[in-house]
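J.: Kindly return the folded structure for what I paste below:
(2 chains)
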There are 2 protein chains.
Amino acid sequence: MKIAVDAMGGDHAPGVVVDGAVQAARDLGLELILVGRRHVIEAELSAYDTAGLSLQIHHAEKTVAMDEHNPAAAIKASKDSSMVLGMETVRRGEAEAFVTAGHSGAALAAALFRLGRIRGIKRPALSTVFPSQTPQGHCFLLDIGANADCKPEYLLQFAVMGAIYSERVLGVARPRVAIVSNGEEEGKGNQLVQDTVPLLKASGLNFVGNAEGKDIPWGIADVIVTDGFTGNVIIKLSEGVSRLLMDILKTELTSRSMSKVGALLAKPAFDAVRGRLDYREYGGAPLLGIDGVVIVGHGRSDALAIRNAIRVAAQTVENGVLDAIKQGLVEQEV
Amino acid sequence: MKIAVDAMGGDHAPGVVVDGAVQAARDLGLELILVGRRHVIEAELSAYDTAGLSLQIHHAEKTVAMDEHNPAAAIKASKDSSMVLGMETVRRGEAEAFVTAGHSGAALAAALFRLGRIRGIKRPALSTVFPSQTPQGHCFLLDIGANADCKPEYLLQFAVMGAIYSERVLGVARPRVAIVSNGEEEGKGNQLVQDTVPLLKASGLNFVGNAEGKDIPWGIADVIVTDGFTGNVIIKLSEGVSRLLMDILKTELTSRSMSKVGALLAKPAFDAVRGRLDYREYGGAPLLGIDGVVIVGHGRSDALAIRNAIRVAAQTVENGVLDAIKQGLVEQEV
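T.: Below you'll find the model as predicted:
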């Protein structure tokens, strides 16, 4: 299987991307196309023993900046960027999937621009694997920012796509689906939630009802749908609250003479918590609704995260997620 | 100053409420009216030395349950509940404020039913003091659940009321006001946020722009406004994420033989974190927009939290928050 990788995308690109790609080519036996500035990629590759690995380079002159404020305009202005040319490799059938740890909004714009939506899909969604006390240790959350304002039909489609991805790639049998709301009881919710619940109930999905904020990390469901505004607040707030808690705890541990020893002894536990919340294990999450397999990794990705994002891309292709979504849309008549 | 207290409201009522009220009467020199079942309150009071304290009882036959699913209907059906009769004491001028740790939705319904809105206020808001790295250690967040669907003018009024409360009761000079959004850059946001930002900019408030989820606990602003759907998700998700993190950390600390000693030595730090996130210090938050001072405490309130909620009520009255809001509305012409 051939997968294209955005060598220039992410906070630590191209170094960690090339590193992760070499690992993926070696460990997973994949053929990879590294998209980006040829001489930069060649210089990075020269540090590795790549004998026997299938690593092509596809030159792209430009890179979309991680702090780009207007991603749609940036994509239109950078048709020779690694992001756009990477999507192109999928469109032309040269690669079966594209992996990028670059700007997620720009990835969405480039995917819409070059690959378009799956026929029948009203809006694509950004998604993420979110830490939660489910048996598998996480839930699948979408939309996390593609669509700030949503309609009920969008959320229904997100639920259908999320359930298929959860089942086929994350290995959850008959995933439980919930919708974010301001109360767990039926009838709670803003107008959007109240209008979406009947659609979810009638969908044939394993819909388990409303998920309050506190339920999301507590394993209430395997797939959690929400509008892109609320979803974005959820992932960023979780990051903020975790950082604040860990910071306070560390300050407290090091400022008390008695507990300095405690801090040292507690370090393995801290490391374990970090491991549990570690996005690197999951690697990346798909742009669902796009007519092609595109996996977006975390901007902070290191080599392990890149390697795992490439693995996720391969699993998404192998397990026929795209065709399953097309089939699922027919069944839902949405 | 005379303040009415819902003796029956909260998970641990009436025990902790009577305890907290006795402390407030003694420490703060306030006259209190305990609203609830007379014989129950008398039995609780008999455990304390109340000589010299001003503690009246106002009998109320019924109590609104903490898990009431339809608070508005419950309030209409329970006109002789401690919640409704407590609001009555304020309406009739027998008390200057009412404090309850009962069902917040029911408190809102009872307040609207008996006290009504301030003239010119379109919607009242539920609010909370939220842990954040501001100089004062918290920010003031509203709406956290009264209005799942909002209009721009509601959010503007929430901002005006929040800024007045922050300045007069929380002691923040010229509080910085932000609006929750899915991106910090101007122009980001759902339609509601995009329509509200121009109003906030023109308001004369110290508006500092958009607050992303991660910024909320990091001290970006002193007053943070949002719709009641998003606000509710924010407070409940923070609770869920904190609990998950602390749980993982504790499990890790106690499951590793090496770190058992660490756990013991780290305990003071854990306690300090709990202290920093402790809602009890703030006691309660006002129902803003109601034509009367009503403070809603956390359902889990203990005696200290009740005592502090009563203190907050007294400060709200002393600092003329109600008149300042009425004046502020005239100035904003909203």
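J.: Looking at A:Phe270 now. What's its pLDDT?
T.: The per-residue pLDDT reported for A:Phe270 equals 69.
J.: er, A:Ala263 actually
T.: A:Ala263 is assigned a predicted lDDT (pLDDT) of 66.
J.: Ok, A:Gln133 next?
T.: 90.
J.: Next up, the contacts around it.
T.: A:Gln133 is in contact with A:Pro217, A:Trp218, A:Gly219, B:Leu244, counting by CB atoms under 8 Å, 6 or more residues apart in numbering or on different chains. Just so you know, the C-beta spots here come from the backbone N, C-alpha and C atoms, and that holds for glycine as well.
J.: Now do it against A:Leu237, distance only.
T.: A:Gln133 is 18 Å from A:Leu237, where distance means CB to CB, to the nearest Å.
J.: And for A:Gly231?
T.: With distances taken as CB to CB, A:Gly231 is found 11 Å from A:Leu237.
J.: Tell me who's in contact with A:Arg168.
T.: With CB under 8 Å, 6+ apart, A:Arg168 has these contacts: A:Gln315, A:Thr316, A:Asn319, A:Gly320, A:Val321, A:Ala324.
J.: what would these look like in JSON lines with neighbour count, pLDDT and secondary structure?
T.: Listed next are these as JSON lines, based on neighbours: other CB atoms under 10 Å in any protein chain shown; pLDDT from 0 to 100; DSSP: H, G, I helix; E, B strand; the rest coil:
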{"residue": "A:Gln315", "neighbour count": "20", "pLDDT": "95", "secondary structure": "helix"}
{"residue": "A:Thr316", "neighbour count": "23", "pLDDT": "95", "secondary structure": "helix"}
{"residue": "A:Asn319", "neighbour count": "16", "pLDDT": "94", "secondary structure": "coil"}
{"residue": "A:Gly320", "neighbour count": "13", "pLDDT": "95", "secondary structure": "coil"}
{"residue": "A:Val321", "neighbour count": "21", "pLDDT": "96", "secondary structure": "helix"}
{"residue": "A:Ala324", "neighbour count": "17", "pLDDT": "94", "secondary structure": "helix"}
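J.: which of the contacts of A:Gln133 has the most neighbours?
T.: Neighbour tally across the contacts of A:Gln133 (other CB atoms under 10 Å in any protein chain shown): the maximum, 26 neighbours, falls on A:Pro217.
J.: Quick check: that one touching B:Ser242?
T.: No: at 9.5 Å, A:Pro217 and B:Ser242 do not qualify as touching, with contact defined as CB atoms under 8 Å.
J.: Run the contact check for the helix ranked longest in chain A versus chain B.
T.: The residue-count maximum for a helix in chain A (DSSP state H) belongs to helix A:228-255. Yes: using CB under 8 Å from any CB of the partner chain, helix A:228-255 reaches chain B at A:228-230, A:232-246, A:248-249, A:252-253.
J.: Just the buried subset of those, written out for ChimeraX, thanks.
T.: In ChimeraX, this line selects whichever of the residues of helix A:228-255 next to chain B come out buried by 16 or more other CB atoms under 10 Å in any protein chain shown:
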select /A:228,229,230,232,233,234,235,236,237,238,239,240,241,242,244,245,246,248,249,252,253
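J.: The residue most central in space within chain A: which element?
T.: Centroid-nearest residue in chain A: A:Ala285, 2.2 Å away (criterion: CA atoms, centre = their mean). Assigned by DSSP states H and E, A:Ala285 belongs to strand A:284-288.
J.: Counting by contacts, list what that strand packs against.
T.: Under the contact criterion of 3 or more CB pairs under 8 Å, 6 or more residues apart in numbering or on different chains; DSSP states H and E, strand A:284-288 touches helix A:104-114, strand A:125-131, helix A:152-168, strand A:293-297, helix A:303-318.
J.: Go through the ones you listed and pick out the most buried.
T.: strand A:293-297 (a mean of 28; mean count of other CB atoms under 10 Å in any protein chain shown).
J.: Quick one: residues in contact with that strand.
T.: Residues outside strand A:293-297 that contact it (CB under 8 Å, 6+ apart): A:9-10, A:87, A:90, A:96-102, A:104, A:107, A:111, A:115, A:126, A:283-287, A:305-306, A:309-310, A:312-313, A:316-317, A:321-322.
J.: mind giving me the domain split of chain A?
T.: As given by automatic domain parsing, the domain ranges for chain A are A:1-121+A:289-334, A:126-279.
J.: can you tell which of the ones you listed is closest to B:Gln157?
T.: domain A:126-279 (18.6 Å; CB to CB).
J.: So which bits of stretch A:11-27 are buried?
T.: For stretch A:11-27, by 16+ other CB under 10 Å, it's A:12-14, A:16-26.
J.: swap that for stretch A:25-43, sorry
T.: Within stretch A:25-43, the residues that count as buried by 16+ other CB under 10 Å are A:Ala25, A:Arg26, A:Leu28, A:Leu30, A:Leu32, A:Ile33, A:Leu34, A:Val35, A:Gly36, A:Arg37, A:Val40, A:Ile41.
J.: Confirm the second one sits in a helix?
T.: Okay, so that is A:Arg26. Yes: assigned with DSSP: H, G, I helix; E, B strand; the rest coil, A:Arg26 falls within a helix.
J.: what helix or strand does the residue nearest to it when sequence neighbours are not counted sit in?
T.: Spatial nearest neighbour of A:Arg26, chain neighbours left out: A:Leu53 (6.0 Å); criterion: CB to CB, 6 or more residues apart in numbering or on different chains. For A:Leu53, there is no enclosing helix or strand under DSSP H and E.
J.: doesn't A:Val22 make contact with A:Leu53?
T.: Yes: here A:Leu53 reaches A:Val22: they are 6.8 Å apart, a contact under CB under 8 Å.
J.: Tell me the predicted confidence for A:Glu153.
T.: On pLDDT, A:Glu153 comes in at 97.
J.: same deal with A:Gly20?
T.: At A:Gly20, the predicted lDDT confidence score is 97.
J.: Please report the distance of it from chain B.
T.: Between A:Gly20 and chain B the computed distance is 25 Å (CB to the nearest CB, to the nearest Å).
J.: what about that residue, which SS state?
T.: Classified using three-state DSSP, A:Gly20 is helix.
J.: Could you confirm A:Asp271 falls within a strand?
T.: No: according to three-state DSSP, A:Asp271 belongs to no strand; its state is helix.
J.: give the contact list for it.
T.: Residues near A:Asp271 by CB under 8 Å, 6+ apart: none.
J.: Which of the buried residues of stretch A:11-27 sits closest to chain B?
T.: A:His12 (19.8 Å; CB to the nearest CB).
J.: coming back round to it: can you tell me which of the domains of chain A the model trusts least?
T.: In terms of average pLDDT, domain A:126-279 trails the rest of the domains of chain A, at a mean of 88.
J.: Now find how far off-centre that one is within its chain.
T.: Here the centre of domain A:126-279 is set off from its chain's centre by 13 Å, with CA atoms, centre = their mean, to the nearest Å.
J.: Stretch A:39-49 too?
T.: Per CA atoms, centre = their mean, the displacement of stretch A:39-49 from the mean C-alpha position of its chain is 27 Å.
J.: Send me it as CSV with only the CA atoms.
T.: Taking only C-alpha atoms (Å, rounded to 0.1, in the frame of the first residue of the first chain), the coordinates of stretch A:39-49 have been written out as CSV:
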residue,chain,number,x,y,z
HIS,A,39,16.6,18.9,-0.9
VAL,A,40,15.3,19.3,2.7
ILE,A,41,13.8,15.8,2.7
GLU,A,42,16.9,14.3,1.2
ALA,A,43,19.1,15.9,3.8
GLU,A,44,16.9,14.5,6.6
LEU,A,45,16.8,11.0,5.0
SER,A,46,20.6,10.9,4.7
ALA,A,47,20.7,10.4,8.5
TYR,A,48,18.9,7.0,8.2
ASP,A,49,19.7,3.6,6.7
